[in-house]
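>>> Give me the fold of what follows.
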Amino acid sequence: MRGTAFLLLLLSAVSSAVTAGTHTLHIAFSIQTGISSLPEGMSSMLFDKEYIAHYNSDKMLIPIQNWVKEALGDVLWNNFTSFLSSQIEHLLHGVREAEQLVWDKGVHTLQRRLSCQLNISGVPEVSDEYGYDGETFISLDQEHKYVADMPDAETIVRRWSRHGKEKHIARHCIDWLKRIQNHGKNRTRRPVSPPEVSFLQKTPSSPVVCFATGFYPRAVNMSWQRNGEDVSQNVRVGETLPNDDGTFQKRVSLNVTPEEWNENQYSCVVQHNETIKNLTEEIKTNYGPQPRNQAIVCIPVVLVASVLFILRIALSKTLQDECECLVRCPVDRKLMLV
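Numbers count the residues shown, from 1 in each chain. Next up, the predicted model:
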């Protein structure tokens with residue numbers, strides 16, 4: 001669960017579209033100090049927009065896409081694991097160094113977002129950014145030199161520059177990108193997985209959430225309708241986030257009063273790829289399934305190259321929302337606390 005939520009850091013670095021003809025490797029790191037119940041360090045990797053691996057607190061690199069480990073083989077996989085382990089240790093050292101130089105000891109979070117790609121001309125492009133307790137601390141400029149984004153970071157940047165850290169990191173990132181890119185060219189594409197959709201509400205005054213999970217590929221459109229017309233006001237569209245199994249999840253919430261809900265017919269429209277699914281299921285809450293008159297019905301409507309899920313809702317005032325609701329999802333596809 002923590003590994004999935006941590007991917008928010010990584011996804012914020014991934015653009016909505018990858019430049020044609022290029023591939024990008026994204027690596028995110030997170031270090032937690034001062035809380036014994038949380039793992040000190042972890043890392044997640046995306047190749048283009050595909051979640052491929054996760055490095056956990058047990059110092060193990062876990063493949064999310066099996067083709068990655070199969071293609072690289074044991075030797076390269078172990079080398080990649082060692083690289084990630086060394087970077088985690090480097091970040092832990094950086095936290096301790098920062099605590100000695102500029103910050104007090106206590107609960108702190110150091111995050112790092114490393115991305116690299118080869119452009120159409122074959123020229124490497126690398127970005128590297130560090131955040132400390134939610135603020136940008138150090139970043140790599142356009143000349144591939146580390147710069148301090150706050151005065152407290154200047155001492156650390158000078159030390160890194162003396163050791164040529166910029167070239168070292170850029171070389172590693174590009175090297176692994178080339179290896180993964182070359183091995184991934186001829187891999188079999190993952191089959192399409194349609195979304196599983198649930199409706200959740202915490203209290204009568206809470207937003208109603210349309211939650212889709214378990215779908216692949218990533219592209220999906222979700223929206224609310226009232227009496228067949230699109231609704232844009234009081235709607236919050238969440239990010240498309242990865243699950244631990246390589247599929248994705250997304251949610252769209254609607255602020256609506258119980259009176260408006262009862263007087264109108266609201267629908268959640270989910271468009272995804274080329275499959276059609278007709279879903280009817282009972283709403284599950286912490287208190288067990290609701291009566292049959294509170295069922296969610298998904299009525300399919302064919303669109304060009306898409307799936308249109310129209311979910312007719314008849315929610316009662318006792319439905320639970322979001323994380324307090326037990327939805328019919330695998331363990332690795334939980335609604336995330338974001």
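
>>> ok so Val197 is a helix residue?
No. Val197 sits outside any helix when classified using DSSP: H, G, I helix; E, B strand; the rest coil, being strand.

>>> Run a quick neighbour tally on it.
24 (other C-beta atoms under 10 Å). (C-beta placed from N, C-alpha, C; glycine too.)

>>> wait, isn't it in contact with Val209?
No. The criterion here is C-beta atoms under 8 Å, and Val197 misses it with Val209 at 10.7 Å.

>>> Start and end of stretch 257-268, how far apart?
Terminal residues of stretch 257-268 are spaced 16 Å apart (C-alpha to C-alpha, to the nearest Å).

>>> can you list the domain ranges for the chain.
Taking automatic domain parsing as the criterion, the chain consists of the domains 2-184, 196-333.

>>> hey, least reliable of the ones you listed by pLDDT?
Mean pLDDT values for these show the minimum at domain 196-333, a mean of 64.

>>> in the stretch 101-250 of the chain, which spans are helices?
Along the stretch 101-250 of the chain, counting by DSSP state H, counting those that start in this stretch, helices occupy 154-162, 165-184.

>>> Tell me the buried residues in the first one?
Pointing back at helix 154-162 there. Neighbour-count burial for helix 154-162 flags Ile156, Val157, Trp160 (criterion: 16 or more other C-beta atoms under 10 Å).

>>> Kindly list the main-chain dihedrals of Glu263?
phi -90, psi -10 (degrees, to the nearest 10).

>>> My guess is Ile88 contacts Gln32. True?
No. Using C-beta under 8 Å, Ile88 is not in contact with Gln32, being 11.3 Å away.

>>> Which one of the helices of the stretch 101-250 of the chain lies nearest to Val126?
Across these, Val126 has its closest neighbour in helix 165-184 (4.5 Å, C-beta to C-beta).

>>> And the closest one, what does it pack against?
Here helix 165-184 touches strand 24-33, strand 41-47, helix 66-101, strand 108-118, strand 124-132, going by 3 or more C-beta pairs under 8 Å, 6 or more residues apart in numbering; DSSP states H and E.

>>> Could I get the CA-only coordinates of the second one as PDB?
Below are the C-alpha coordinates for strand 41-47, written out as PDB (Å, rounded to 0.1, in the frame of the first residue of the first chain):
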ATOM      1  CA  GLY A  41      13.800   3.800   2.000                       C
ATOM      2  CA  MET A  42      12.000   2.600  -1.100                       C
ATOM      3  CA  SER A  43      12.100   3.100  -4.800                       C
ATOM      4  CA  SER A  44       9.800   2.700  -7.800                       C
ATOM      5  CA  MET A  45      10.500   2.600 -11.500                       C
ATOM      6  CA  LEU A  46       8.500   3.400 -14.600                       C
ATOM      7  CA  PHE A  47       9.500   2.700 -18.200                       C
END
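
>>> ok, it: who's next to it in the sheet?
Sheet partners assigned to strand 41-47 using DSSP bridges are listed as strand 24-33 (antiparallel), strand 50-55 (antiparallel).

>>> which one is Ala170 nearest to, not counting chain neighbours?
Among residues not flanking Ala170 along the chain, Val126 sits closest, at 4.5 Å (C-beta to C-beta, 6 or more residues apart in numbering).

>>> Contacts only, for the one you found.
Leu114, Ser115, Cys116, Leu140, His144, Ile169, Ala170, Cys173, Ile174 (C-beta atoms under 8 Å, 6 or more residues apart in numbering).

>>> how near is it to Lys145?
From Val126 across to Lys145, the span is 11 Å (C-beta to C-beta, to the nearest Å).

>>> before we move on, what about Gln87?
19 Å.

>>> okay, these two: which has more neighbours?
Gln87 (19 against 12).

>>> Contacts only, for that one.
Contacts of Gln87 by C-beta under 8 Å, 6+ apart are Phe29, Ser43, Arg112.

>>> what's the answer for Val252, then?
Counted by C-beta under 8 Å, 6+ apart, Val252 has contacts Val209, Cys210, Met222, Ser223, Trp224, Val235, Arg236, Val237, Gly238, Cys268.

>>> picking up where we left off before, relative to Lys49, which of the contacts of Val126 is nearest.
Nearest to Lys49 among the contacts of Val126 is Ser115, at 12.2 Å by C-beta to C-beta.

>>> Distance check, the closest one against Thr24.
To Thr24, Ser115 is 6 Å away according to C-beta to C-beta.
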